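> Got a predicted model here, sequence first, then my questions.
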Amino acid sequence: MRKKLLTVALASMMAVSMAACGKTEDKTNTTASTTEAASQSDSKSSEEKAAEVASLIDAIYVQQYTEDTYANCEKAKAAWDALTDEEKEMVNGENADPDYFGRDTGDASKDDPLNQDNIGENEILVVSFGTSFNDSRVTDIGGIEKKIQEANPDWSVRRAFTAQIIINHVYARDNEKIDNVDQALERAVNNGVKNLIIQPTHLMHGAEYDELVAQLDSYKDKFETVKVAEPLLGKVGNDASSINEDKENVAKYVVAQAVKDASFDSLEAAEKDSVAFVLMGHGTSHTAKITYSQMQTQMDTLGYKNVFIGTVEGEPEETECSKVIEKVKAAGYKKVILRPLMVVAGDHANNDMAGDDEDSWKSMFVASNAFDSVDAQIAGLGRIEEVEALYVAHTKAALETLGSADSSAASKLEDGEYTATFTTDSSMFHINEVYENKGKLTVKDGVMTMHIVLASDKIVNLYPGSADDAAKDGAELLQPTKETVEYSDGTKEEVNAFDITVPAIGEEFDLALIGTKEKWYDHKVKVTDPVKAQ
């Protein structure tokens with residue numbers, strides 16, 4: 001099996017700062033390099049030429065950026081182009097093989113690397129691990145970027161990848177330059193950006209997310225405001241039973257798409273046909289690996305009996321391929337459909353999951369001789385419209401926290417009534433659209449109480465604290481009142497409203513909720529921008 005890019009990349013995610021150019025090709029230099037390489041290699045045997053190319057590929061198959069990176073990429077490509085077709089098939093190194101340059105992964109010219117200048121004062125930087133599979137980069141990552149741009153026309157959306165290995169691969173093969181995180185941040189500084197939102201396309205609060213946040217520390221004083229939005233699955237939680245609305249939504253969306261792509265009318269219809277869906281994530285040794293267990297809990301909670309979660313790395317242990325095979329066998333399903341639980345359908349999806357090597361997931365499921373058929377859907381989460389909308393919602397939540405009043409000053413509000421903004425960490429927990437994220441804030445004797453009108457009556461109770469504490473006997477729950485709202489089309493609806501005590505303006509605080517499914521969820525909320533009522 002081809003080596004796993006992510007495992008190598010995580011060894012060092014910090015790239016050296018340097019501004020990058022666009023994807024303009026210097027054809028003169030490229031032609032000269034190719035001619036020079038061909039001339040120097042005439043006296044070498046085919047084996048020597050192939051070995052030299054393998055060595056050059058291995059030299060750029062690294063995570064560390066240096067001032068020689070681009071030149072080394074160009075040198076590797078020129079040497080590859082000088083080989084005959086037969087010699088290209090002989091390329092074999094520690095990480096090199098004929099597919100590095102030779103595999104057709106789609107048209108790179110369809111991709112916009114979003115490394116343009118003229119950014120303006122407001123930027124949303126979409127940070128992804130990245131992929132060298134061109135079609136997936138255009139559809140899965142590019143699709144998310146486009147949706148975020150459409151939703152925020154007054155902000156400039158730009159891109160950064162955290163995997164220098166992938167950046168090098170794309171530049172060497174396709175002459176497309178993609179900024180690493182330092183390059184993107186330097187570009188923002190040089191363009192005079194004042195307000196910066198970072199939207200990771202990462203699945204969870206894992207190692208990449210942590211390293212991204214750490215990398216931002218040296219830049220925070222170069223912008224007026226910086227905010228990192230939530231990754232796709234939101235907060236991690238304490239144990240395998242800790243699930244949230246983001247995980248629930250992603251579970252619903254990916255399963256619905258998998259069922260549709262398999263030409264079934266419903267998941268139940270697939271189950272009756274003895275079909276199991278196996279969703280393969282990457283896996284991690286980071287403490288966030290519990291997220292995969294939580295996703296299996298989420299599937300079980302939704303009643304998705306024929307959906308199983310696995311990981312390439314087999315971390316957590318119960319997600320290792322052989323153990324997933326045993327689970328599917330024990331459940332009695334005879335047909336298997338594999339699908340990535342990853343934002344992009346790149347190397348892992350095409351090789352580790354659906355490849356022909358004996359240690360791919362597809363090959364191992366087939367080799368078990370337990371199933372009548374094993375098929376694969378090679379499609380990333382990033383191309384699912386509802387998933388794109390979740391990223392947009394996370395970006396919006398981050399945007400709404402910018403420019404909030406200083407908490408120490410705001411906490412000195414004089415007694416009276418105010419209009420204030422109420423924001424949460426979830427697209428499913430928000431004020432009714434009629435009130436545009438605004439609620440009534442009452443200050444009396446220094447105590448602040450916020451009256452919020454919610455979108456429906458699906459949230460039954462609130463609790464000022466954690467979900468664990470809310471579930472304890474004797475917890476004093478906030479009870480709803482009923483209010484009728486009238487929408488712009490004239491329709492009316494009775495919804496729930498709550499009065500909550502606000503500890504401070506501009507600071508996040510815990511507010512757990514329970515819905516009609518009788519499960520408590522942890523949430524972070526914030527009250528900002530109080531305006532005295534006239």
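Nice, I can see it. Predicted model, so just to flag it, every value in this text is computed and none were measured.
> which is the next helix or strand following the longest strand seen in the chain?
Looking only at the chain and at elements set by DSSP state E, the strand with the highest residue count is strand 492-502. Where DSSP states H and E defines the elements, the next helix or strand beyond strand 492-502 is strand 509-510.
> Which strands or helices does the helix or strand following that following strand pack on?
Next in sequence after strand 509-510, counting helices and strands by DSSP H and E, comes strand 512-515. Strand 512-515 makes packing contacts with strand 459-463, helix 467-470, strand 520-521 when contacts are defined by 3 or more C-beta pairs under 8 Å, 6 or more residues apart in numbering; DSSP states H and E. The way it works is simple: take the backbone N, C-alpha and C, and place the C-beta from them, glycine included.
> element containing the spatially closest residue to E317 that is not a sequence neighbour, please.
Nearest non-adjacent residue to E317, counting by C-beta to C-beta, 6 or more residues apart in numbering: K323, 7.2 Å away. In this structure, K323 is located in helix 321-331 according to DSSP H and E.
> Restrict stretch 268-288 to CA atoms and write it as CSV.
Only the C-alpha atoms of stretch 268-288 are listed here, as CSV (Å, rounded to 0.1, in the frame of the first residue of the first chain):
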residue,chain,number,x,y,z
GLU,A,268,-33.9,0.6,6.1
ALA,A,269,-34.2,-0.6,2.5
ALA,A,270,-30.4,-1.1,2.4
GLU,A,271,-30.6,-3.1,5.7
LYS,A,272,-33.3,-5.3,4.3
ASP,A,273,-31.0,-6.0,1.4
SER,A,274,-28.3,-7.0,3.9
VAL,A,275,-26.1,-4.0,3.2
ALA,A,276,-23.7,-2.5,5.8
PHE,A,277,-22.1,0.9,5.3
VAL,A,278,-18.6,1.2,6.7
LEU,A,279,-17.3,4.8,7.1
MET,A,280,-13.5,5.0,7.2
GLY,A,281,-11.9,7.9,9.0
HIS,A,282,-8.2,8.5,9.4
GLY,A,283,-7.7,7.7,13.1
THR,A,284,-5.3,9.4,15.5
SER,A,285,-3.3,8.8,18.7
HIS,A,286,-4.4,12.2,19.9
THR,A,287,-6.9,12.3,22.8
ALA,A,288,-9.4,13.4,20.2
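> ok now it, how far from the chain's centre?
Centroid separation for stretch 268-288 versus its chain: 18 Å, with C-alpha atoms, centre = their mean, to the nearest Å.
> What are the buried residues along it?
Of all the residues in stretch 268-288, those buried under the rule 16 or more other C-beta atoms under 10 Å are 270-271, 274-284, 286, 288.
> buried stuff in stretch 226-239?
V226, K227, V228, A229, E230, P231, L232, L233, G234, K235, V236, G237.
> What pairs with the host helix or strand of K482, parallel or antiparallel?
Here K482 sits within strand 481-486, counting by DSSP H and E. For strand 481-486, sheet partners with direction are given as strand 492-502 (antiparallel), following DSSP bridges.
> List the contacts of the strand it pairs with.
432, 441, 447-457, 459-460, 462, 464, 478-487, 509, 511, 527 (C-beta atoms under 8 Å, 6 or more residues apart in numbering).
> who's in contact with the strand holding K482?
Strand 481-486 is contacted from outside by N432, V434, V453, D457, K492, E493, E494, V495, N496, A497, F498, D499, using C-beta under 8 Å, 6+ apart.
> Does the closest residue to the second one other than its chain neighbours have any beta-bridge partners, and if so which?
By the measure of C-beta to C-beta, 6+ apart, the closest residue to V434 outside its immediate chain neighbours is V485, 4.8 Å from it. Listed by DSSP bridges, the beta-bridge partners for V485 are E493.
> V485 and V502, how far apart?
Taking C-beta to C-beta, to the nearest Å as the measure, V485 falls 22 Å from V502.
> returning to what we had before: compute the distance between the residue nearest to V434 and M299, please.
Taking C-beta to C-beta as the measure, V485 falls 34 Å from M299.
> higher neighbour count, these two?
Between V485 and M299, counted using other C-beta atoms under 10 Å, the more crowded position is M299 (24 against 18).
> Right, I'll call it a day here.
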